[in-house]
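Visitor: for reference, the sequence and a predicted model appear below.
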Amino acid sequence: KVTDNAKNSLASLKRENPRLEPTLAIIQAHNDQLIQEANKNFAKEIGLRVIHICLPEGSTKDEIVSEILRLNEDPNVQGLALDLPESLCSSKVLNAVKPEKDVDGLSSVNLGRLVHGDVSDCLVPPTVCAVMELLEDIGGKKVLLVGARGAEGAALQSVLQRQGAAVLSCPWKAPQLQSELRHADMVVFGSTKPDDVPVSWIKPGATIINCARDPLSEKHSCGQQNNPAAEKTVGSLAVAMRMQNMVKNMERWIQSQQYRKWDLHSLKLQPLSPVPSDIEISRAQNPKAVDVLAKEIGLLTDEIEIYGQTKAKVRLSLLERLKDQPDGKYVLVAGITPTPLGEGKSTVTVGLVQALTAHLNINSFACLRQPSQGPTFGVKGGAAGGGYAQVIPMEEFNLHLTGDIHAISAANNLLAAAIDARILHENTQSDKSLYNRLVPVVNGVRGFSAIQLARLRRLGIHKTDPETLTEEEISKFVRLDIDPSTITWQRVVDTNDRFLRKITVGQANTEKGFVRQAQFDIAVASEIMAILALTTSLQDMKERLGRMVVANDKKGEPVTAEDLGVTGALAVLMKDAIKPTLMQTLEGTPVFVHAGPFANIAHGNSSVLADKIALKLVGEEGFVVTEAGFGADIGMEKFFNIKCRASGLVPSVVVLVATVRALKMHGGGPNVTAGAPLKKEYTEENLQLVADGCCNLQKQIQITQLFGVPVVVALNVFKTDSPAEVDLVCKIAKESGAFDAVPCNHWSAGGKGAVKLAQAVEKAANQKNSFKYLYSLELPIVEKIRIIAQKVYGAQDIELSPVAQSQVDRYTRQGFGNLPICMAKTHLSLSHQPERKGVPTGFILPISDVRASIGAGFIYPLVGTMSTMPGLPTRPCFYDIDLDPITEQVKGLF
């Protein structure tokens with residue numbers, strides 16, 4: 001009966017979950033083949049997979065615990081049971097088993113639930129189940145437990161009492177044992193009966209249940225003739241009950257894999273006036289432990305990797321678990337053409353999710369880029385938001401985080417080293433010497449590595465034995481023939497260092513005169529960062545890394561990372577960086593921080609993977625809010641045409657951030673310079689300047705409408721803005737086609753100051769959405785550039801330099817013509833001239849060069865010169881950054 005029930009239940013689970021392969025691991029530390037066979041037979045009959053881990057007799061508790069901990073972390077094992085001698089069944093061993101895998105139900109967590117009556121949330125130990133199955137009509141009966149010790153004994157006593165029995169527990173050596181046996185209606189042997197306890201002590205007609213670990217035979221007798229009482233053993237019934245527990249565990253496991261409603265507890269804010277510095281605000285709030293936050297938003301314990309108290313990596317396995325969960329709403333925060341000071345897109349993003357979740361009780365996630373340490377120590381400062389709308393702890397957000405940028409630097413520079421080393425070795429060795437070193441004899445055997453076999457196939461050589469290649473085939477295999485003048489792959493460092501903008505490499509005598517000019521880029525300008533931001537899986541990332549073109553050979557054909565044989569090593573260096581980092585806002589709402597590509601030579605958006613995971617976690621009615629770098633003409637256009645193509649995701653709403661300050665600049669106000677005080681035009685009411693500058697806002701709204709997505713204008717209010725200026729901007733925005741325009745005070749008030757924005761976004765998300773891309777990928781490269789220049793920037797036409805035209809022709813010939821376009825242009829103007837504010841018209845957009853990030857998957861035309869290595873100013877931020885040696889607190893970050 002037990003077996004049939006378990007078999008039917010499991011069959012039903014498998015019908016609903018065809019890929020389900022329930023696996024029970026049993027750790028055994030004895031040589032009893034009978035118990036092992038019983039487990040296997042019952043499991044096979046029911047349809048379970050069983051793995052026996054047979055440890056040698058005499059194994060220590062520490063050795064057993066080590067094996068338990070290994071199986072706890074094995075995602076392919078859903079249940080864990082122990083067949084151990086009683087001497088090894090200590091609380092240390094039993095409690096090492098994860099409660100959610102504890103099929104025997106003997107951990108303290110499980111027993112605690114059982115004793116407290118939480119039967120629906122625990123598993124009754126199999127032996128106890130077997131005893132209860134064998135005992136009948138126990139209400140009011142006197143049940144004696146003899147030799148039942150430890151967790152099993154406690155569980156048995158608890159269950160019997162709940163069924164109304166009068167339970168007494170007694171050791172075998174107790175002086176009152178004979179008396180108790182004579183009065184008991186039912187006797188349960190928890191361990192083997194000693195020979196000096198005669199059966200005649202037992203009350204005639206009493207039911208005897210034998211739970212001793214060794215017997216499996218149903219015909220076991222007490223060893224005495226004329227047995228006055230009928231004895232039953234739990235033996236194989238307990239094994240069947242264990243399998244039934246495993247099936248129940250599978251039901252719970254499947255339930256745990258389903259989407260969970262959030263149970264998020266927001267952190268309270270008490271905004272001060274005047275508003276303190278960002279780091280003071282961050283430090284005044286006490287963040288939740290990240291494992292608590294993870295549990296609140298439905299993450300499983302094996303889906304997070306914790307870094308300290310407030311950061312955790314989230315594993316990509318979540319996407320498989322929640323693949324059938326509908327996505328939430330997808331919101332992009334973009335901006336008008338900014339001043340050099342920035343207009344607060346990150347702050348609006350954080351303020352919006354704080355409002356949605358902490359104040360409107362709507363699930364929401366912010367997805368932000370990881371900042372480079374270059375600006376953090378340079379001039380711009382951090383990028384965690386600001387005021388009462390920021391990610392905390394802000395110093396951890398801005399410094400190192402979980403090491404993703406360092407992983408990118410290591411991978412990038414490994415590839416750079418491989419390029420120069422390969423050129424050197426090819427220039428100084430014969431084909432035969434190269435071949436012997438590239439395919440060496442190891443332990444008497446010579447063989448190609450997997451990546452070398454792949455290269456042979458690309459060359460049209462379908463051989464696997466290194467000894468069978470011809471001299472011509474060997475030459476083709478060993479020679480990449482890289483043309484040093486075409487190398488586009490640069491080394492990187494995550495520091496603003498202007499003296500690395502042009503360097504000479506190879507000057508040591510050991511490099512035998514192979515000198516060339518090169519440069520360093522800032523780490524976030526690496527194509528590997530762009531790949532991290534656009535990849536959709538580990539496999540996709542590995543393929544993209546392999547496709548990266550680093551140079552051309554002397555025949556003009558592209559040379560890739562795959563050709564250099566370094567793809568697998570790059571993937572290894574990036575295996576942890578691909579996981580988004582979970583943090584929180586000041587009000588305890590969740591944030592993903594992941595990837596931070598340049599917004600000019602790359603697309604300037606956080607990662608596709610962070611967005612995809614967040615969209616599953618928030619649920620169908622929730623919101624994921626992400627931001628795009630620079631103005632809508634750059635970051636938003638790339639978000640739609642590059643990122644959305646890579647992800648397949650469709651945005652619901654665009655939030656367009658504007659400030660009165662920036663609008664005044666576009667209306668003809670004086671220059672705004674970082675580090676210099678604002679002129680009076682920006683601190684005093686000037687409605688004419690605001691009205692004139694709204695042309696830029698109107699243009700950015702029109703750009704958004706090209707993609708068919710509703711737009712809500714968020715006016716980031718400063719204390720110097722007058723009510724009349726605020727009203728004027730909102731009025732013009734609505735008249736220009738915005739779904740709504742809302743003033744926001746989240747910087748000074750937290751989420752409460754963005755509630756109206758959140759309500760507007762929620763309404764806009766329910767509007768008709770006719771999202772479309774701006775251009776077809778099938779169009780020629782030049783035509784795609786022209787569409788962006790004319791429709792987005794407002795240019796009259798484009799003009800390609802001879803170098804740019806040559807590159808376009810080369811990429812088209814090499815088969816890269818169908819990639820999207822990533823324009824590298826100044827963010828300070830809609831045109832290519834930073835000083836031209838407002839809405840410039842009639843200009844010809846000059847394309848000085850065209851380059852390609854083949855792994856990331858886009859062509860990037862350069863509009864003018866584009867620096868990929870910032871420099872330090874006269875007075876960098878690092879003058880103010882310090883560490884308190886007593887408290888270890890960071891000071892001076894902003």
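Guide: Done, it's in.
Visitor: can you tell me what sits against the helix or strand harbouring residue 811?
Guide: In this structure, residue 811 sits in helix 802-813 according to DSSP states H and E. Outside helix 802-813, the residues that touch it by CB atoms under 8 Å, 6 or more residues apart in numbering are 556, 780-782, 800, 817, 847-852, 859, 861-862. C-beta: built from backbone N, CA, C; applies to glycine.
Visitor: quickly list the domain ranges of the protein.
Guide: The chain breaks down by the TED database into domains covering 1-252, 278-402+576-766, 405-574, 781-862.
Visitor: so which of these gets nearest residue 876?
Guide: domain 278-402+576-766 (5.4 Å; CB to CB).
Visitor: need the distance between the two termini of the closest one.
Guide: 35 Å (CA to CA, to the nearest Å).
Visitor: measure the nearest residue to residue 171 once chain neighbours are set aside to residue 210 for me?
Guide: Nearest residue to residue 171, sequence neighbours excluded (CB to CB, 6 or more residues apart in numbering): residue 147, at 6.4 Å. As for residue 147, its distance to residue 210 is 10 Å (criterion: CB to CB, to the nearest Å).
Visitor: go on, residue 464?
Guide: In this view, residue 464 and residue 210 are 62 Å apart by CB to CB.
Visitor: again with residue 343
Guide: Distance of residue 343 to residue 210, given as CB to CB: 78 Å.
Visitor: looking at residue 464 and residue 210, which is more packed in?
Guide: For residue 464 versus residue 210, neighbours defined as other CB atoms under 10 Å are more numerous around residue 210 (23 against 10).
Visitor: name the residues linked to that one by a beta bridge.
Guide: Using DSSP bridges, the bridge partners assigned to residue 210 are residue 189, residue 233.
Visitor: quick one: it from residue 126, how far?
Guide: 15 Å.
Visitor: what about the helices in the stretch 501-650 of the chain?
Guide: 527-534, 538-547, 567-574, 608-618, 637-638, 644-647 (DSSP state H, counting those that start in this stretch).
Visitor: now the fifth one: average pLDDT?
Guide: Right, helix 637-638. The average pLDDT within helix 637-638 is 97.
Visitor: could you do stretch 62-80 as well?
Guide: Taken as a whole, stretch 62-80 carries a mean pLDDT of 92.
Visitor: from the chain's centroid, how far away is it?
Guide: 24 Å (CA atoms, centre = their mean, to the nearest Å).
Visitor: list the buried residues for it?
Guide: 64, 65, 67, 68, 71, 72, 77, 78, 79, 80 (16 or more other CB atoms under 10 Å).
Visitor: buried ones among the contacts of helix 802-813?
Guide: Buried among those (16+ other CB under 10 Å): 781-782, 800, 817, 847-852, 859, 861-862.
Visitor: now do the same end-to-end measure for stretch 733-748.
Guide: For stretch 733-748, the end-to-end distance is 23 Å (CA to CA).
Visitor: the inter-axis angle of the longest helix along the chain versus helix 538-547?
Guide: What stands out as the longest helix in the chain, according to DSSP state H, is helix 404-428. Between the axis of helix 404-428 and that of helix 538-547 there is an angle of 40 degrees, by axes from the mean of the first three to the mean of the last three CA atoms, to 10 degrees.
Visitor: what angle do helix 404-428 and helix 567-574 make?
Guide: Using the same axes, to 10 degrees: helix 404-428 against helix 567-574 is 160 degrees.
Visitor: report the contact partners of the closest residue to residue 357 other than its chain neighbours.
Guide: Distances taken as CB to CB, 6+ apart put residue 589 closest to residue 357, at 4.2 Å, once the chain neighbours are dropped. By CB under 8 Å, 6+ apart, the residues touching residue 589 are 264, 266, 353, 354, 356, 357, 358, 364, 365, 366, 751.
Visitor: quick one: the spatially closest residue to the fifth one that is not a sequence neighbour and residue 607, what's the gap?
Guide: Of all residues not flanking residue 356 in the chain, residue 364 sits nearest, at 3.9 Å (CB to CB, 6+ apart). Counting by CB to CB, the gap between residue 364 and residue 607 amounts to 18 Å.
Visitor: compare those two and say which is more crowded by neighbours.
Guide: For residue 364 and residue 607, the more surrounded residue by other CB under 10 Å is residue 607, and the numbers stand at 31 against 28.
Visitor: neighbouring contacts of stretch 426-439?
Guide: By CB under 8 Å, 6+ apart, stretch 426-439 touches 425, 446-448, 452, 466, 469, 471, 474-475, 477-482, 512, 514.
Visitor: so for that stretch, what's the average pLDDT?
Guide: On average, stretch 426-439 scores 96.
Visitor: try stretch 388-406
Guide: 92.
Visitor: can you give me the first-to-last residue distance of that stretch?
Guide: End-to-end for stretch 388-406, by CA to CA: 29 Å.
Visitor: next, the buried residues of that stretch.
Guide: Residues of stretch 388-406 classed as buried by neighbour count (16+ other CB under 10 Å): 388-399, 401-402, 404-406.
Visitor: next one: it to chain centre, how far?
Guide: Computed by CA atoms, centre = their mean, the chain-centroid distance of stretch 388-406 equals 15 Å.
Visitor: likewise for stretch 365-378?
Guide: 17 Å.
Visitor: residues contacting residue 146?
Guide: Residues near residue 146 by CB under 8 Å, 6+ apart: 169, 170, 171, 172, 177, 181, 187, 188, 189, 190, 193.
Visitor: the residue nearest to residue 569 when sequence neighbours are not counted - how many residues pack around it?
Guide: Spatially, and ignoring its direct neighbours in sequence, residue 569 is nearest to residue 414 (6.4 Å; CB to CB, 6+ apart). For residue 414, the count of nearby residues is 16 (other CB under 10 Å).
Visitor: can you list the low-confidence ranges for the stretch 251-400 of the chain?
Guide: 379-382 (pLDDT under 70).
Visitor: for residue 63, give me its contacts.
Guide: residue 55.
Visitor: quick check: residue 388 touching residue 271?
Guide: Yes. Look at residue 388 against residue 271 with CB atoms under 8 Å: they come within range, at 5.2 Å.
Visitor: now stretch 756-766: buried residues?
Guide: Under 16+ other CB under 10 Å, the buried positions of stretch 756-766 are 757, 758, 759, 760, 761, 762, 764, 765.
Visitor: the fifth one contacts residue 351, doesn't it?
Guide: Same thing as residue 761. No. Applying CB under 8 Å, one finds residue 761 not in contact with residue 351, separated by 11.5 Å.
Visitor: coming back round to it: highest mean neighbour count out of the helices of the stretch 501-650 of the chain?
Guide: Of all the helices of the stretch 501-650 of the chain, helix 527-534 has the most neighbours on average by mean count of other CB atoms under 10 Å, namely a mean of 29.
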